[in-house]
Structures are given as C-alpha cells and as structure tokens.
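Student: no sequence on this one, just coordinates:
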Ligand SMILES: Nc1nc2c(c(=O)[nH]1)N[C@@H](CN(C=O)c1ccc(C(=O)N[C@@H](CCC(=O)O)C(=O)O)cc1)CN2
C-alpha cells in the first residue's frame, strides 16, 4: 500500500476560507471584527516567524490582529500586567502568549492569567478541564487541526484503536481527549513506554507528537493506518523532519501527513477558527 498524502496546506486554506466567511457575517452582525492579540517575549527566530504569520493570517481573514513584542528580559509581572489589560479590553476576543517563554517567566502563571473565554490557545486549566469532561470550550489548535485532518481523510474513529505518542499538555493530552470523545479506544504512549514498537503496531490511528526525529519506524505502522505526524524536528543538515520515518511509513499507511506541510499549517488556521469562536461566544452566540 502507498499512503495518500494529507495536504495540510490545502486543508488549512479551506479552513481559512471558512473563517473568512464567518468573520464577514460577524462584522455584519456586530459592526466590528473579531480581535486577536498575540504576545511575544524575546527574539526566538522561529517564534518571531510564527507570531508574524499569526498576525498576517488574522488580517487576511478580516480580523483585527495585533502582535505585541516585548523585550527578552521582560519580567513576569510586566507580562501579567499586559495580559490583565487585554482581559479587560472589550475589543479583544483572543489572547495568545507565544511559547516557549524565557526562563525568568513561569509559563503556568502566565497561562492561568488569561481570561478562559479569550484563551484561543485552549491552554488554560478551565479549557483543559472542559475538554476532559466533554463540555464545550476552546480546544488547543494543533490537536483540533489534527482532528480536522482525520476528518478530511474520512478516518473512521468510532471503535478504532488510536495511539498518541507524546503526553504534552499542548498536544498529546488534548489529542487523546479529542480521540476519546470521538469514540476511539485511546492509548497515550511516550518516550519511556516499554516496547513502543508493539504499542504503535496496534494503532489504526497513530499520532506522533514526541519531538524526536524519525523515532517511529516504518515497520511500526499497521497496514492501512492513518498517521498524523505532529513532530517538527531540525536535523543536523538544517532540514525539518517529523517524528515518523515518512518514506518507510508511507509504504504501509493509508493516509499520512508530511513534515513540513501537514499538521503545522493547521495550527494557525485553527487559531483563526478559535478566535472567531471566542468572539461569537463572548457576544452571546453559542
Ligand atoms: N502559544 C503557542 N505557542 C506555540 C504553539 C501554539 O500553538 N501556541 N505551537 C508551536 C509553534 N507554532 C505556532 O505557534 C507553529 C509551529 C509550526 C507551524 C508550521 O506551519 N510549520 C511548518 C514548517 C515551518 C518551518 O519550515 O519551520 C509546517 O509544518 O509545514 C505553525 C505554527 C510552538 N509554540
């Protein structure tokens, strides 16, 4: 079997178009666009690119998007003060603090300070709790985008065996919750799981989010599995590699995401979806 490629760029474009239409309806109804505010502390080159892309993408769909750049030595109190201002500003629907943060700032304190209704990253414990209890809330962008990719592949999740390799709060745990809510039988594995190969071989749906280049070998893939590779690892030659050995896995999977061009583009498209959703919810729409 040769896998079909799940084209994240094309699907993200489709999502952005859907959001653009939603934003136009929002503006007609409420006379203002949804507002997204992104905070970046420091100069991490990848974060600079991601946050610029978020600002640009928000403009492209008709939102009011603003990037706040703070110096690398910004203290925790100053960042918390900026978040409090945005929480209190009625024109702000979505607040996002780009990760990772410099070491002088405690991530949990910052994420906990964002109004859960404006938490378009879905990282606040209230949103994590809502997801864990199967109630509506804001869902982290990368797992939500990965679910959209599974839907676009026509993957049957009900009763399927899903293995998520990775247990981060940002991807692994919420991804497992989403698969569970879709009635899959879910295993969360990680870098210390014993006999990871055997666990992966059981998976009809395999999500790799462990952050180790090509950890998942081709012969760990069940014939016909759908493979979502969330990994984005820089190799020694400066290229980007996923957590899955793509070429070998392609020979066994039914669908597979490439890196780059798979899950990555879905993250920003889903952020736009979440911002529209937060704006509607704040103005009393479901
Ligand atoms: N507050 C947040 N911080 C971070 C998040 C997040 O969702 N919220 N995720 C990542 C970074 N990220 C967005 O912020 C992000 C990463 C990658 C991509 C992407 O499109 N990647 C491309 C490849 C890019 C390249 O060549 O380097 C791809 O996979 O095709 C988008 C967004 C950590 N921080």
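Tutor: That came through, no problem. Only a predicted model underlies this, so the values are computations on that prediction, with no experimental measurement involved.
Student: Up against the ligand, what does the protein have?
Tutor: By C-beta under 6 Å from any ligand atom, the residues of the chain that approach the ligand are 50, 96-99, 121, 141-142, 232, 240, 259-261, 264-265, 267-268. All C-beta atoms are positioned from the backbone trio N, CA, C, and that covers glycine.
Student: Just want the residue of the stretch 51-200 of the chain that's nearest the ligand.
Tutor: Using C-beta to the nearest ligand atom, the point where the stretch 51-200 of the chain gets nearest to the ligand is residue 99, with a distance of 3.7 Å.
Student: didn't that residue look like it was pressed against residue 107?
Tutor: Yes. Shown here, residue 99 and residue 107 form a contact pair, counting by C-beta atoms under 8 Å, at 6.8 Å.
Student: Overlap in contacts, these two.
Tutor: Common contacts of residue 99 and residue 107 (C-beta atoms under 8 Å, 6 or more residues apart in numbering): none found.
Student: ok so, going back, tell me, how many residues neighbour the residue of the stretch 51-200 of the chain closest to the ligand?
Tutor: A count of neighbours around residue 99, defined by other C-beta atoms under 10 Å, yields 16.
Student: Contacts only, for it.
Tutor: Taking C-beta under 8 Å, 6+ apart as the criterion, residue 99 is in contact with 47, 107, 170.
Student: Would you mind measuring from it to residue 120?
Tutor: Distance from residue 99 to residue 120, counting by C-beta to C-beta, to the nearest Å: 13 Å.
Student: Quick check: buried residues in the host helix or strand of residue 9?
Tutor: Residue 9 is part of helix 8-30, with elements assigned from DSSP states H and E. Buried positions in helix 8-30, judged by neighbour count with 16 or more other C-beta atoms under 10 Å: 8, 11-12, 15-16, 19, 22-23, 26.
Student: Stretch 147-155 now?
Tutor: Along stretch 147-155, these residues count as buried under the neighbour rule (16+ other C-beta under 10 Å): 147-150, 152-153, 155.
Student: name the element the residue lying closest to residue 182 once chain neighbours are set aside belongs to?
Tutor: Of all residues not flanking residue 182 in the chain, residue 157 sits nearest, at 4.1 Å (C-beta to C-beta, 6 or more residues apart in numbering). Counting by DSSP H and E, residue 157 is held by no secondary-structure element, helix or strand.
Student: Hmm, residue 185 and residue 157 touching each other?
Tutor: No. Under the criterion of C-beta under 8 Å, residue 157 is not in contact with residue 185, lying 9.8 Å apart.
Student: residues touching the residue nearest to residue 205 when sequence neighbours are not counted, list them.
Tutor: Nearest non-adjacent residue to residue 205, counting by C-beta to C-beta, 6+ apart: residue 162, 4.1 Å away. For residue 162, the residues meeting the contact criterion (C-beta under 8 Å, 6+ apart) are 176, 179, 184-187, 203-207.
Student: Strands of the stretch 101-250 of the chain, start to end?
Tutor: 161-165, 185-189, 205-208, 226-229, 233-234, 240-241 (DSSP state E, counting those that start in this stretch).
Student: Same list (those) but as JSON lines, adding mean pLDDT.
Tutor: Output for the strands of the stretch 101-250 of the chain, formatted as JSON lines (pLDDT from 0 to 100):
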{"stretch": "strand 161-165", "mean pLDDT": "98"}
{"stretch": "strand 185-189", "mean pLDDT": "98"}
{"stretch": "strand 205-208", "mean pLDDT": "98"}
{"stretch": "strand 226-229", "mean pLDDT": "98"}
{"stretch": "strand 233-234", "mean pLDDT": "94"}
{"stretch": "strand 240-241", "mean pLDDT": "96"}
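Student: coming back round to it: which secondary structure elements does the helix or strand following the helix holding residue 9 contact?
Tutor: Beyond helix 8-30 in the direction of the C-terminus, DSSP H and E gives the next helix or strand as strand 35-41. Secondary structure elements in contact with strand 35-41, counted by 3 or more C-beta pairs under 8 Å, 6 or more residues apart in numbering; DSSP states H and E, are helix 45-60, strand 64-70, helix 76-88, strand 94-97, helix 263-282.
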